[in-house]
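Student: The sequence and its predicted three-dimensional model are supplied below.
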Number of protein chains: 2
Amino acid sequence: MIRNSNKIITIVGGGNIGSSWALLFLLHGYRVSLYDKHREVHSKSKKSIVRGLKLFKQSHNLDSKKIRAILYEINYFEDLKEALHDTNYVIEAINENLEDKINVFKNISQNVGKDTVIASSSSFIPISKISEKTINKQRCLNLHPGNPPYLLRFAEIVPSTFTSKKTLDRTKSLLKSIKLHPIILKKEIDGFVFNRLQGALLQEAYSLVNEDIVSASDIDLLVTSGLGLRWAVLGPFETIDLNTKGGIENHSKIMIPFYKGMFPKNKNNNFGKKAIKRVILERRKILPLENLSKRISWRDRTIFKLINLLK
Amino acid sequence: MIRNSNKIITIVGGGNIGSSWALLFLLHGYRVSLYDKHREVHSKSKKSIVRGLKLFKQSHNLDSKKIRAILYEINYFEDLKEALHDTNYVIEAINENLEDKINVFKNISQNVGKDTVIASSSSFIPISKISEKTINKQRCLNLHPGNPPYLLRFAEIVPSTFTSKKTLDRTKSLLKSIKLHPIILKKEIDGFVFNRLQGALLQEAYSLVNEDIVSASDIDLLVTSGLGLRWAVLGPFETIDLNTKGGIENHSKIMIPFYKGMFPKNKNNNFGKKAIKRVILERRKILPLENLSKRISWRDRTIFKLINLLK
């Protein structure tokens, strides 16, 4: 079998995240070598990939013949070296244990060409720690998908100070080729962006339950019938930009003081002026004020469609 | 014209929120008396209601004849007393100014029967302050819709310590009759639940921009392509319940320590044990562990449909 080495992706770890990566790459014409030292994981992983392919049947126009053909493109290995043969992009997706990750990164780096990118799917541990013992750290970064990874449409790319531009660029192109939006962090931060935003909301949600203000199920209902509907269509900044007459400039004058009063000060930058100024600048570049009402009509039509779909 | 007084809702204030309330009630067979002292607001409001009705044309099976008939059911008043004639439910939707609200509540209470409920649409100011000079405070509460109010599917009901059960029950039924989920807060808290959850996420989002971690537009993209997609389908608690093998019990063991480390302590109840225990109990009542994987398949299919709709 001749393998196109430009198209081989090696996934290290066959759990939920690893199998999801494999599914996404298979769907977009890549070959996948999946390593997991546990044989029983191989069959579980294969089953979940078959289930996943069925989900994409319509959207990717797959019949059973095509599905069989796709399944030929993944090979399972119990031996790491074999799984790394001819690869030029490796994604680690083992459990969230720093020591294990350090060791597996070191092993990978000893068995691939010096240009092969090694990415970690870790959702919390920064790459600077994980790549401690890796040869050629400039080819390492965090590549954090959402969960379920085969459904959410983005992945976070988090470089360390030593990650090369080439590594970053290759990762960006790779993500685009599997139809994920690359969200590039400019530097490392605990929890990255996705889990920091989720965590901030969860912290408040748990606090409201703790104070006996509202039930957990009412919080869930309020989000699915309100906040989440909006955030599926508009991000948090665009939401407030469209919610206030005169846009986010006025939101910052009218609403931010209220929000400030609600929360204890957070690291001396509680709704800091610098950030507010930056966000306003960005928003006005993306959407001039005179187009606000047009965008509001679009928002309404889109949320409306979404409600009809979900009911 | 004979008016069915059980069906008359008076809206005080003809801006965006007031007109949206009017639209919702009109759509569900109510008569609306809308008061605004500014005549020019009346015509603006009428225009926005006509625009709104067109949005609901398909879902509510409206032709132009029906729309004309619906528009007969709303009357505009420059005189508060007249607008309050025969009403049994009043919703205040004037600007967020405490003094103005106190006065308008006092005026309303002097001109309606003692059983007429008076609700405030305020998103921030608690009813205990607003109803300071109101006769019969037990019929007052906050009734806070999302924005856009004619689209989001919920409203927050916030009683004060003196709000009667009858007032609460009538408000709950009223909301259900216009197809909104009533989210009942057990007690007053600044910003209620909706804006506290939104504010917590915004605080973190602004902080990430302030620290130069990520751009505002990438935060928006990450939310629409990830967090928001999930939160339109599952609330924050159900999300983490389905995201972790073994459910939210395991999430609290594995992930909460990470989240705790990310944020400064928040009012001594940073992911408090009492709240975690309560949420687990609630979740297991709603969804037994053995049904988790079935629900995960449902989540995947639903998010998938949503992605196809939004792309």
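Tutor: It's in.

Student: which sections of the stretch 151-300 of chain A are below the confidence cut-off?
Tutor: Where the stretch 151-300 of chain A drops to pLDDT under 70, the residues are A:265-269.

Student: what's the pLDDT at the spatially closest residue to residue A:301 that is not a sequence neighbour?
Tutor: Distance criterion C-beta to C-beta, 6 or more residues apart in numbering or on different chains; nearest residue to residue A:301, sequence neighbours excluded, is residue B:55 at 7.2 Å. For glycine as for every other residue, the C-beta is placed from the backbone atoms N, C-alpha and C. Predicted confidence (pLDDT) at residue B:55: the value is 89.

Student: and residue B:55, how many neighbours does it have?
Tutor: By the criterion of other C-beta atoms under 10 Å in any protein chain shown, residue B:55 has 19 neighbours.

Student: Check the one 4 residues further on too.
Tutor: A count of nearby residues for residue B:59, using other C-beta under 10 Å, gives 12.

Student: Which strand or helix spans it?
Tutor: In this structure, residue B:59 sits in neither a helix nor a strand according to DSSP states H and E.

Student: pretty sure it contacts residue A:309?
Tutor: No - counting by C-beta atoms under 8 Å, residue B:59 does not reach residue A:309; the two are 11.7 Å apart.

Student: the strands in chain A, which residues?
Tutor: Ranges of strands within chain A are A:8-12, A:31-35, A:74-77, A:89-92, A:117-120, A:140-145, A:154-158, A:181-184, based on DSSP state E.

Student: With mean neighbour count added, can I get those strands in TSV?
Tutor: Below are those laid out as TSV (neighbours: other C-beta atoms under 10 Å in any protein chain shown):
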stretch	mean neighbour count
strand A:8-12	26
strand A:31-35	25
strand A:74-77	20
strand A:89-92	25
strand A:117-120	27
strand A:140-145	27
strand A:154-158	25
strand A:181-184	19
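
Student: mind putting those in a markdown table, distance to chain B included?
Tutor: Formatted as a markdown table, those follow (distance: least, C-beta to the nearest C-beta, whole Å):
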| stretch | distance to chain B |
| --- | --- |
| strand A:8-12 | 19 |
| strand A:31-35 | 19 |
| strand A:74-77 | 20 |
| strand A:89-92 | 18 |
| strand A:117-120 | 15 |
| strand A:140-145 | 9 |
| strand A:154-158 | 4 |
| strand A:181-184 | 5 |
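
Student: could those strands be laid out in CSV, adding distance to residue A:289?
Tutor: Converted to CSV, the strands of chain A look like this (distance: least, C-beta to C-beta, whole Å):
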stretch, distance to residue A:289
strand A:8-12, 45
strand A:31-35, 48
strand A:74-77, 51
strand A:89-92, 43
strand A:117-120, 40
strand A:140-145, 35
strand A:154-158, 28
strand A:181-184, 26
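
Student: Among the ones you listed, which comes closest to residue B:293?
Tutor: strand A:140-145 (20.2 Å; C-beta to C-beta).

Student: Mind checking the pLDDT average for the closest one?
Tutor: 98.

Student: Just checking: what are the partner strands of that strand?
Tutor: Strand A:140-145 has the following strand partners under DSSP bridges: strand A:117-120 (parallel), strand A:154-158 (antiparallel).

Student: Tell me which of the strands of chain A sits nearest to residue B:235.
Tutor: Nearest of these (C-beta to C-beta): strand A:154-158, 20.4 Å.

Student: Go ahead and name everything in contact with the closest one.
Tutor: A:126-127, A:141-146, A:149, A:168, A:171-172, A:175, A:180-185, A:188, A:192-194, B:221-222, B:225-226 (C-beta atoms under 8 Å, 6 or more residues apart in numbering or on different chains).

Student: please redo it, this time with the cut-off set to 6 Å
Tutor: Under the contact criterion C-beta atoms under 6 Å, 6 or more residues apart in numbering or on different chains, strand A:154-158 has outside partners A:142-145, A:171, A:175, A:180-185, A:188, A:192, A:194, B:222, B:225-226.

Student: Also stretch A:231-242?
Tutor: Residues contacting stretch A:231-242 (C-beta under 6 Å, 6+ apart): A:230, A:247-248, A:251, A:279, A:283, A:296, A:299, A:302-303, B:201-202, B:205, B:216, B:219-220, B:223-224, B:228-229, B:231-232.

Student: got the CA positions of that stretch in CSV?
Tutor: Only the C-alpha atoms of stretch A:231-242 are listed here, as CSV (Å, rounded to 0.1, in the frame of the first residue of the first chain):
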residue,chain,number,x,y,z
TRP,A,231,-24.6,32.9,21.7
ALA,A,232,-25.1,30.3,19.0
VAL,A,233,-25.8,33.1,16.6
LEU,A,234,-23.7,36.0,18.0
GLY,A,235,-20.6,35.9,20.2
PRO,A,236,-20.7,37.8,23.5
PHE,A,237,-19.3,41.0,22.2
GLU,A,238,-21.5,41.1,19.1
THR,A,239,-24.5,40.3,21.3
ILE,A,240,-24.0,43.4,23.5
ASP,A,241,-23.1,45.5,20.4
LEU,A,242,-26.5,44.8,18.9
